[in-house]
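Enquirer: next input, structure requested:
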Amino acid sequence: MELDKTFFEKVFSNKRMEKYFSIHQDNEALAITHYRCNIELSKAFYPCISTLEIALRNAIVRELQTLFGREDWYTQLSKTPGLANLNHYITTANKQISGRRELATPSKIIAELTLGFWVSLFNSEYELILWQALRRAFPYMPKPQRQRKNVSAPLNRFRRFRNRVFHHEPICWDLRQVQQIHNEILQTIGWINKDLPTWIGSFDPVEDTLASIRDRLSKE
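Expert: Numbers count the residues shown, from 1 in each chain. Sure, this is the predicted structure:
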């Protein structure tokens, strides 16, 4: 079977492919290349996305354990004025773990909590309760910039972008914006640990992938 428009619309659905073929109305090959580039770019982001997500979670956990003075810090959310509405994340995590017939240990609860939970801790409603502790999760963020809003904003952009990647949505339209997001992710990782961006740089393929995509889309 020829891998043409009909093939891609059948396999991946008309809805998913319509924007690619609409933008490249007179060039099916370019539309197909563009779709492939989107997959390649999503794949390239995995190292920096996973690094930021895990480093962020672990940094936050360390500060919450210190704040509440216990490993199972999450048990205190429902008892702390102003934080009770976060407890639904813990309840959901417990249900998912028990549904697998596993013991809900602190490490399992932490692993089960969503990125949405960790990012929500930087919402303005929790600033007076949590920010003084959580700001220590970013020891390499310049002190003049070390404000809750300057952490919350990039983390929310990262969360939205990460969800688009993991839900197989298009990210390959505005490559300048993608470049900016990549830079922002590396910067945020550096706020957590100054050595991590250099370590990631040895195997992070985003820059090379962006250059390759620009080259291929311009030549088609």
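
Enquirer: just say helix, strand or coil for residue 194.
Expert: coil (DSSP: H, G, I helix; E, B strand; the rest coil).

Enquirer: verify the contact between it and residue 140 for me.
Expert: Yes - at 4.6 Å, residue 194 and residue 140 qualify as touching, with contact defined as Cβ atoms under 8 Å. C-beta coordinates here come from the backbone N, C-alpha and C atoms, glycine included.

Enquirer: who has more neighbours out of the two?
Expert: Each of residue 194 and residue 140 has its neighbours counted (other Cβ atoms under 10 Å); residue 140 has more, 14 against 11.

Enquirer: so which residue is dead centre in the chain?
Expert: residue 162 (3.6 Å; Cα atoms, centre = their mean).

Enquirer: distance check, that residue against residue 61.
Expert: 19 Å (Cβ to Cβ, to the nearest Å).

Enquirer: which residues are contacting stretch 201-219?
Expert: 30, 33-34, 37, 40-41, 44-45, 47-48, 172, 175, 178-179, 182 (Cβ atoms under 8 Å, 6 or more residues apart in numbering).

Enquirer: so which of the residues you listed sit within helices?
Expert: 30, 33-34, 37, 40-41, 44, 47-48, 175, 178-179, 182 (DSSP state H).

Enquirer: which among these end up buried?
Expert: Burial by neighbour count, judged by 16 or more other Cβ atoms under 10 Å, picks out 30, 33, 34, 37, 40, 41, 44, 47, 48, 175, 178, 182 from the ones in helices among the contacts of stretch 201-219.

Enquirer: kindly reformat those as JSON lines containing pLDDT and distance to residue 109.
Expert: Output for those, formatted as JSON lines (pLDDT from 0 to 100; distance: Cβ to Cβ, whole Å):
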{"residue": "30", "pLDDT": "93", "distance to residue 109": "47"}
{"residue": "33", "pLDDT": "94", "distance to residue 109": "44"}
{"residue": "34", "pLDDT": "96", "distance to residue 109": "41"}
{"residue": "37", "pLDDT": "97", "distance to residue 109": "38"}
{"residue": "40", "pLDDT": "98", "distance to residue 109": "35"}
{"residue": "41", "pLDDT": "98", "distance to residue 109": "33"}
{"residue": "44", "pLDDT": "98", "distance to residue 109": "31"}
{"residue": "47", "pLDDT": "97", "distance to residue 109": "26"}
{"residue": "48", "pLDDT": "97", "distance to residue 109": "26"}
{"residue": "175", "pLDDT": "96", "distance to residue 109": "39"}
{"residue": "178", "pLDDT": "97", "distance to residue 109": "33"}
{"residue": "182", "pLDDT": "98", "distance to residue 109": "31"}
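
Enquirer: tell me the one of the residues you listed nearest residue 107?
Expert: Set against residue 107, the nearest of those by Cβ to Cβ is residue 47 (23.2 Å).

Enquirer: return the distance of the closest one relative to residue 207.
Expert: 12 Å.

Enquirer: now residue 8: closest residue in space that isn't a chain neighbour?
Expert: Closest residue to residue 8 apart from its sequence neighbours, by Cβ to Cβ, 6 or more residues apart in numbering: residue 17 at 5.2 Å.

Enquirer: mind listing what's buried along the helix or strand in which the one you found is found?
Expert: Following DSSP states H and E, one finds residue 17 within helix 14-23. Residues 17, 20, 21 are the ones in helix 14-23 that count as buried (16+ other Cβ under 10 Å).
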